[in-house]
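> pasting the sequence and the predicted coordinates here, then a few questions.
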Amino acid sequence: MVILQLALAFGEKFNNVIFAKKLDHNFMLAKLKVDNANGVTACVIWLHGLGADGNDFATLVQALNLQHIRFILPHAPYQKVTLNNGYEMRAWYDIYSLDRDSQQDDAGIRKTQTSIEALIQQQIDAGIPPNRIALAGFSQGGAIALHTALRYPQRLAGVLALSTYLPLKNTLAAEKHGANQNTPIFIAHGSFDEVISIDTCLASRQLLTEQGYTVDWHEYAMAHAVHPDEVDDIRQFLLRILPN
């Protein structure tokens, strides 16, 4: 759970923002939609971390106070996670180990990529162009955001990768799409992260740089969480890539 989380019930109206639970059977992901009723011109699809759900970032989204942006907060499906002794929880893919070079769930990552691409297409069909859509995620969700954005065949507005790493790094060179070669990438990490070490994140940043990407790097004195200063930096980044 992120440190700014507060309990909010589905369907509660809060300062003109509606939190609504919806199940879309095209991709079988339940999700929250945080949407100001008037003047939405952009969208951010925000993916939570392992074992959480879309509610985890609802309060942070409210704190950003970006009325022109629709936030889609999907819930990962339940599945068994090897790292947690096969316990079933919400997860975007299976995790075998937290070691930097451990085996990864290639099939699970790509399956979720397809689901997130379906969410993007849904927003395009609703009238928001791809260059007004950004992907964001925390921890495991951030890994999916990075993986999907760099392979997406249409230019996106940007990607935010919070307390995370680049998955399937050995396939990026062959699979990356030129449409998002220059897409802004915001990476934030805690100096004291005990779940995903900062060295793991720095290795991901180095690989991205070697592949020609420009990374907007932010480091905070925190563990595996979200820092208050980070919220301000996220807001400024979103205003830059998705101006009103």
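Received it, and whenever you're ready, just let me know what you need.
> all helices for the protein, in order.
Taking DSSP state H, the helices of the chain run over residues 58-64, 106-125, 140-151, 172-175, 198-210, 228-241.
> wait, which of those is closest to Val40?
When the helices of the chain are compared by Cβ to Cβ, helix 106-125 sits nearest Val40, at 10.1 Å. All C-beta atoms are positioned from the backbone trio N, CA, C, and that covers glycine.
> quick one: that closest one to helix 140-151, angle?
With axes from the mean of the first three to the mean of the last three Cα atoms, to 10 degrees as the basis, helix 106-125 and helix 140-151 are set at 70 degrees to each other.
> what residues sit buried inside helix 106-125?
Buried residues in helix 106-125, counted by 16 or more other Cβ atoms under 10 Å: 108-110, 112-113, 115-117, 119-120, 122-123.
> any figure for the gap between the closest residue to Ser139 other than its chain neighbours and His177?
In space, Ser139 comes closest to Gly49 once its chain neighbours are excluded; the distance is 3.4 Å by Cβ to Cβ, 6 or more residues apart in numbering. Separation of Gly49 from His177 (Cβ to Cβ, to the nearest Å): 26 Å.
> these two: which has the busier surroundings?
Remark: of Gly49 and His177, Gly49 carries more neighbours, 27 against 14, as counted by other Cβ atoms under 10 Å.
> let me know the distance separating the more buried one from Ala136.
Counting by Cβ to Cβ, the separation of Gly49 from Ala136 is 12 Å.
> what sits in contact with each of these two?
Shared contacts of Gly49 and Ala136 (Cβ atoms under 8 Å, 6 or more residues apart in numbering): Gly142.
> is the residue lying closest to Gln67 once chain neighbours are set aside in a bridge, and if so with what?
Closest residue to Gln67 apart from its sequence neighbours, by Cβ to Cβ, 6+ apart: Asn36 at 4.5 Å. In this entry, Asn36 is beta-bridged to Val17, by DSSP bridges.
> tell me where the model's unsure across the protein.
Where the chain drops to pLDDT under 70, the residues are 1-28, 37.
> residue contacts, the most centrally placed residue in it?
The residue lying closest to the centre of the chain (Cα atoms, centre = their mean) is Gly137, at 1.9 Å. Going by Cβ under 8 Å, 6+ apart, Gly137 touches 46-49, 143-146, 160-162, 164.
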